[in-house]
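> With the input below, show me the fold.
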Amino acid sequence: MMQSAARKQPRQRLLVAAMAAIAIILPFAAPNAYWLHVVILGLIHTLPVLGLTLFMGYAGQLSVGHEALYAIGAYTSGILLRRGFPFIVAFAGSAILPYFAAKALGLAVLRYVKGIYLAPATLGVSWFLNALLTNLVKLTGGPSGLTGIPRPAWFRHETQYYFLCLAVVLAVYWAMSRLIDSRAGIAFRSIAGNDIAAECLGIDVYRYKVFALALSGLCCGLGGALYASYANYICPADFSREMAVRLLCMCIVGGLGNMNGAWMGALILNIVPELLRASNRLQLVLYGALLISVLMYWPKGLGGLLDLLLQRGRGATTGAADKYGGPAAEEARTA
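Numbering: from 1, shown residues only. Reported below is the predicted structural model:
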């Protein structure tokens with residue numbers, strides 16, 4: 001297992017380096033400002049999808065209300081920025097408040113509610129928050145939302161804001177990758193496999209579930225902060241059921257339990273609808289066809305497909321080692 005982990009690290013680093021190089025070139029190669037705008041939204045959505053991937057894919061818990069945590073981050077940032085607080089303060093607040101909101105939700109719910117029953121619990125929280133955002137008019141602007149949310153002074157141009165989003169996504173991706181390889185990551189995967197067995201092994205299942213939900217809330221909050229200052233305007237309709245479904249689709253298309261799949265799903269499901277915007281009917285049909293195709297032919301998502309391609313690219317020598325009991329075969333036996 002140690003050898004396989006050591007072998008995966010160079011491939012993972014190579015993949016990250018290649019994607020970082022493409023990402024640096026991308027804003028200068030974009031055909032126009034509109035497509036750069038679409039990519040920026042894809043990067044912003046990557047953050048809540050990373051949080052959802054951690055909670056659903058790695059910890060094995062079900063949520064259909066993560067757009068509520070996304071909204072908390074956006075409104076926290078929007079309110080603080082409109083009141084003159086520096087962007088770094090608003091950004092930090094947008095991480096801290098959703099983190100503790102998610103933690104409070106986890107402490108209240110996760111000890112008693114499990115499996116499919118988490119869906120209505122998270123859905124109820126989402127509806128409750130949407131009602132608050134709509135009715136607290138003096139604080140949130142009500143149905144009209146918040147306008148005039150400023151961007152940070154150094155990132156007012158689209159290209160500058162793109163690099164801000166890219167830096168935040170890469171930092172969160174790196175931190176999540178390290179977490180998944182840590183003891184906490186092993187605990188998450190154990191709970192996803194069988195929480196009763198994990199508890200028998202001495203894992204504090206309840207504490208780790210709460211921790212996973214809190215971290216996913218932090219990721220959603222960071223995405224909300226970036227969205228609020230980028231759009232300059234937010235309203236409750238931005239965080240409706242449609243957004244919840246979109247985040248779930250991004251997570252599934254990218255691949256549950258795959259960090260690479262998080263950014264792939266977020267980017268592709270922002271870009272593909274724009275390519276089909278000329279026809280609303282064709283857009284819905286092909287959007288649905290993409291989801292069905294992924295579920296039927298690539299159940300591990302686009303991230304799993306990428307992992308498969310990387311494994312095939314290791315060459316015949318590694319293939320022989322796998323066949324005759326080399327390190328890869330040892331990994332398969334211990335997996």
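> How much space separates Gly193 from Ile203?
In this view, Gly193 and Ile203 are 11 Å apart by C-beta to C-beta, to the nearest Å. Any C-beta I mention is one placed from the backbone N, CA and C, and that applies to glycine too.
> When these two are compared, which one has more neighbours?
Between Gly193 and Ile203, Ile203 has the larger neighbour count (other C-beta atoms under 10 Å), namely 18 against 10.
> okay, now the residue nearest to the more buried one when sequence neighbours are not counted: neighbour count?
Spatial nearest neighbour of Ile203, excluding adjacent residues (C-beta to C-beta, 6 or more residues apart in numbering): Ala187 at 5.0 Å. Applying other C-beta under 10 Å, we find 23 other residues in the vicinity of Ala187.
> all strands of the stretch 51-200 of the chain, in order?
146-147 (DSSP state E, counting those that start in this stretch).
> Could you list the low-confidence segments of the protein?
Regions of the chain meeting the criterion pLDDT under 70 cover residues 1-13, 15-16, 277-281, 283, 310, 312-335.
> try it again with 50
Residues of the chain meeting the criterion pLDDT under 50: 1-7, 315-335.
> tell me, how many neighbours does Val113 end up with?
Neighbour tally, Val113, other C-beta under 10 Å: 16.
> Now it: closest residue in space that isn't a chain neighbour?
Val113 sits nearest to Ala121 (C-beta to C-beta, 6+ apart), 5.1 Å away.
> Next, find the distance separating the one you found from Leu213.
For Ala121 relative to Leu213 (C-beta to C-beta), the value is 11 Å.
> So the two - more neighbours on which side?
Neighbours were counted for Ala121 and for Leu213 using other C-beta under 10 Å; Leu213 has more, 30 against 19.
> Okay, buried residues for the helix or strand that one falls within please.
For Leu213, the host element (DSSP states H and E) is helix 205-231. Across helix 205-231, burial judged by 16 or more other C-beta atoms under 10 Å covers 205-206, 208-231.
> That helix: how far from the chain's middle?
On the basis of C-alpha atoms, centre = their mean, to the nearest Å, helix 205-231 sits 9 Å off its chain's mean C-alpha point.
> Check which helices and strands that helix sits against.
helix 33-52, helix 66-82, helix 87-109, helix 158-180, helix 183-193, helix 195-200 (3 or more C-beta pairs under 8 Å, 6 or more residues apart in numbering; DSSP states H and E).
> name the helices or strands packed onto the second one?
Translated: helix 66-82. Checked by 3+ C-beta pairs under 8 Å, 6+ apart, helix 66-82 has helix 33-52, helix 87-109, helix 118-135, helix 137-140, strand 146-147, helix 205-231, strand 233-234, helix 241-254 packed alongside it.
> quick one: Cys235 and Pro143 touch, right?
Yes: with contact defined as C-beta atoms under 8 Å, Cys235 reaches Pro143; the gap is 6.7 Å.
> quick one, which of the two is more surrounded?
The residue with more neighbours, out of Cys235 and Pro143, is Cys235; 20 against 12, by other C-beta under 10 Å.
> What separation is there between the more buried one and Tyr75?
For Cys235, the distance to Tyr75 - C-beta to C-beta - is 10 Å.
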